[in-house]
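**Q** Build the 3D model from these lines:
(one chain, ligands or ions: 1)
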Amino acid sequence: MSVLDDIIAGVREDLAPRVEARPLEQLRDDAAAAPAPRDAYAALSGDGSGITLIAEVKRRSPSKGALADIADPAALAVRYETGGAAVVSVLTEQRRFGGSLADLDSVRAAVDLPLLRKDFTVDEYQIWEARAHGADLILLIVAALTDEELAGFLALTHELGMNALVETHTDVEVERAVAVGARIIGINVRNLKTLDIDRSVFGPLAGGIPAGTLIVAESGVRDVADVERFASDGADAILVGEALVRHDNPEDTIAAFLNAGRSARLVDQDQPTA
Ligand SMILES: O=P(O)(O)OC[C@@H](O)[C@@H](O)c1c[nH]c2ccccc12
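**A** Take a look at the predicted model:
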């Protein structure tokens with residue numbers, strides 16, 4: 001069993017009691033009463049002068065273990081917003097990442113930015129749940145879904161007025177994401193089946209994604225050199241967790257990463273094109 005299979009088995013187990021406690025019928029009412037969805041696609045598009053940044057609230061991970069305590073996720077998210085993040089990502093997976101829907105609720109109450117509910121989506125219930133808790137963007141991991149699930153989940157996401165970050169790691173997964181009509185494609189440089197990082201997969205995969213689709217570089221952004229590399233290889237946005245939660249001053253880190261994205265673009269514009 002791969003790490004991904006193992007995580008998903010836990011996610012399904014944790015889902016069952018929630019469905020029992022709040023049947024889909026009632027959850028639909030909660031979704032209708034939630035704050036109107038915010039436009040994450042527009043937020044991630046930025047002004048074209050550089051890259052945008054998704055800042056993640058992340059306590060721990062299966063690859064790194066404990067990263068940060070984060071007693072007050074709302075306070076951290078406010079710092080992300082102040083620093084210039086375009087979107088805040090809140091991990092809600094409990095067993096491996098130490099997150100919860102309560103974290104999403106407290107972040108929703110504290111910031112105006114679009115929010116990504118970061119979880120392993122394997123059931124439509126979770127999409128309704130994301131909306132009910134004020135999320136604007138959800139994660140769909142291609143490796144975890146059939147084509148039919150991917151298409152159905154993406155359609156429901158759009159029906160609810162949200163966007164999906166469709167996560168890929170291989171050329172076949174990118175093809176599947178494009179075929180289903182994903183508007184925001186993430187390239188996770190971490191293989192979720194083995195947890196290995198390989199930053200060199202990003203450039204070639206990004207090169208195969210059609211214009212008009214936003215490309216998000218996910219995982220392993222450690223420093224400005226990584227940001228420059230992803231930006232010049234075609235990233236419109238970067239998703240950063242560890243480098244922010246481990247830093248005393250996430251505002252400064254965000255500013256430095258956004259600056260690196262802008263200068264990478266300027267350098268690229270100066271290069272002769274043929
Ligand atoms: O902490 P990092 O290396 O900056 O990575 C953030 C993010 O990309 C990572 O948390 C992630 C990417 N895809 C996921 C899927 C599920 C859970 C987590 C993830």
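
**Q** Next one, pLDDT for the residue of the stretch 101-250 of the chain found nearest the ligand please.
**A** Here the stretch 101-250 of the chain gets closest to the ligand at one residue, G241, 2.8 Å apart by Cβ to the nearest ligand atom. Any C-beta I mention is one placed from the backbone N, CA and C, and that applies to glycine too. At G241, the model reports a pLDDT of 98.

**Q** What is the neighbour count of D196?
**A** 10 (other Cβ atoms under 10 Å).

**Q** Which residue, other than its chain neighbours, is closest to it?
**A** R190 (7.0 Å; Cβ to Cβ, 6 or more residues apart in numbering).

**Q** Let me see the contact set for that neighbour.
**A** Contact partners of R190, counting by Cβ atoms under 8 Å, 6 or more residues apart in numbering, are 63, 169, 196-197, 218-220.

**Q** how about a cut-off of 10 Å?
**A** Contacts for R190 (Cβ atoms under 10 Å, 6 or more residues apart in numbering) come out as 61, 63, 169, 196-199, 201, 218-220.

**Q** Among these, which ones are in strands?
**A** 61, 218 (DSSP state E).

**Q** Ranking by neighbours, what's the top pick from the contacts of R190?
**A** When neighbours are taken as other Cβ under 10 Å, the top entry among the contacts of R190 is E218 (26 neighbours).

**Q** That residue pairs with what?
**A** For E218, the beta-bridge partners are N188, L239 (DSSP bridges).

**Q** Isn't it up against N191?
**A** No - the pair E218 / N191 is not scored as a contact, 11.7 Å apart, by Cβ atoms under 10 Å.

**Q** what do these two both touch?
**A** Jointly contacting E218 and N191 under the rule Cβ under 10 Å, 6+ apart are H169.

**Q** D6 against P62, yeah?
**A** Yes - if you go by Cβ under 10 Å, D6 and P62 touch, sitting 8.6 Å apart.
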